[in-house]
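# Next come a sequence and a model predicted from it.
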Amino acid sequence: SFLNYWSTGSQFSNCRVWSAKEELVKIMPKVLAENADLIILALHQGLAFRDSRKVNEVLEIAKLFPEIHLILGGHTHRDFPAQVLSNGVVYIQAGAHARSFANISVTFPENGSPQIESQLIPIDQKVQIDKEAFAIVKKHYDQFLNRLNTPITQLDKTIKSGKVGIDCEISHLIGHAILKASSADIAIHGRLSSRSLKAGRIGERELFSIIPYENDVFTAELSPKDLQLIMQEQMQYQKSYTFNAPINFVYKVKANSIILKAEHKNKEKLTLCFNSRVAASGGKRFPILIQCFLLRYQQFRWQLPTET
């Protein structure tokens, strides 16, 4: 599974990942035995008509289980007020980042299936805060804000985002950070968002903007020839958001050659580090990289250097 590599570390030690479709095959007979008027499936997967990684199973689920009336999805950050899928299954997704919510209306005719209508309503200043709900979460909300606003360091100048491998200071920063944390020889890294770090106070709010999800660090032992093959593989995605540039070594594209630092030139094996997003997407995109995995990983807490 895509998440088997992404979700690692002690915080996931009791978690296992299975295909949603496979699990539904097991539980749907019990659900159908209840003779429910309305069956709703909520899952963190999106509607993707082309999905080479096979991480969004919505279309397959709708085809396999026409008894499901409504699927509430996410993950892809798309707006779907009400998309009718195969077999009449309705799919609704209210965008992302709390920009809107779905107002869903269901009517039950005397004969036939439930009729589902929906509209997406923007969440802005016109939407009133639910006082009861806010009172429940206020303590945690205040702690969260305090943590976000606590300074970690100060930047004298802006660290800019850009094209990975060309002018992206952010990918360079993160790449060297994981290199130091893992004590590896070399690294590959790309961008995790399009954000820059502006000069001034830096806290977890700003760090989250450039690293917007959990990442562990993987390491792999490989030969210079392995590294050459991995970089050939990476160059196929140079124009994609998935591209990872070399850190602490140089790859010459036209010559298809690796230039290592003096202290690494005589090593038969090099330790390469990369984040768990790369490992996760490697299942489809980076098969050569996957072959170089070590059966170990290192958890890493992001720390920003105080000097830029």
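Thanks, I have it. Numbering: from 1, shown residues only.

# Strands of the stretch 51-200 of the chain, start to end?
Assigned by DSSP state E, counting those that start in this stretch, the strands in the stretch 51-200 of the chain fall at 70-72, 79-84, 90-94, 100-107, 115-122, 151-155, 186-189, 200-203.

# Let me have the ones you listed in a markdown table, extended by mean pLDDT, mean neighbour count and distance to N14.
No exception for glycine: its C-beta is placed from N, CA and C like everyone else's. Listed next are the strands of the stretch 51-200 of the chain as a markdown table, based on pLDDT from 0 to 100; neighbours: other C-beta atoms under 10 Å; distance: least, C-beta to C-beta, whole Å:
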| stretch | mean pLDDT | mean neighbour count | distance to N14 |
| --- | --- | --- | --- |
| strand 70-72 | 96 | 20 | 26 |
| strand 79-84 | 92 | 16 | 33 |
| strand 90-94 | 95 | 23 | 29 |
| strand 100-107 | 94 | 14 | 32 |
| strand 115-122 | 94 | 15 | 36 |
| strand 151-155 | 94 | 14 | 30 |
| strand 186-189 | 95 | 26 | 29 |
| strand 200-203 | 95 | 15 | 30 |
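
# what sits against P81?
Applying C-beta atoms under 8 Å, 6 or more residues apart in numbering to P81 gives the contacts I92, A102, S118, Q119, L120.

# same thing with V278?
I188, H189, G190, F218, N244, F286, L289.

# and it, which of the three is it?
Per DSSP: H, G, I helix; E, B strand; the rest coil, the local secondary structure of V278 is helix.

# Kindly provide the distance from it to Q234.
For V278, the distance to Q234 (C-beta to C-beta, to the nearest Å) stands at 9 Å.

# Between which two of the contacts of V278 is the distance greatest?
G190 and F218 (14.5 Å; C-beta to C-beta).

# Would you mind telling me which of these two has more residues around it?
F218 (26 against 23; other C-beta atoms under 10 Å).

# which residues does that one bridge with?
F274, Y297 (DSSP bridges).

# is it true that it touches F286?
No. Using C-beta atoms under 8 Å as the test, F218 is too far from F286 to be in contact (11.6 Å).

# hmm, what's the outermost residue in this structure?
Taking C-alpha atoms, centre = their mean, the residue of the chain most remote from its mean C-alpha position is E110, at 43.9 Å.

# May I have the phi/psi pair for that residue?
phi -60, psi -40 (degrees, to the nearest 10).

# separation between it and L222?
67 Å.

# Helices along this structure, start to end?
All helices of the chain, identified by DSSP state H, fall at 2-6, 20-33, 58-64, 131-149, 169-182, 204-210, 224-235, 276-281, 287-291.

# deepest of those helices, which one?
Per-stretch averages of neighbours, counted by mean count of other C-beta atoms under 10 Å, single out helix 276-281 among the helices of the chain, with a mean of 22.
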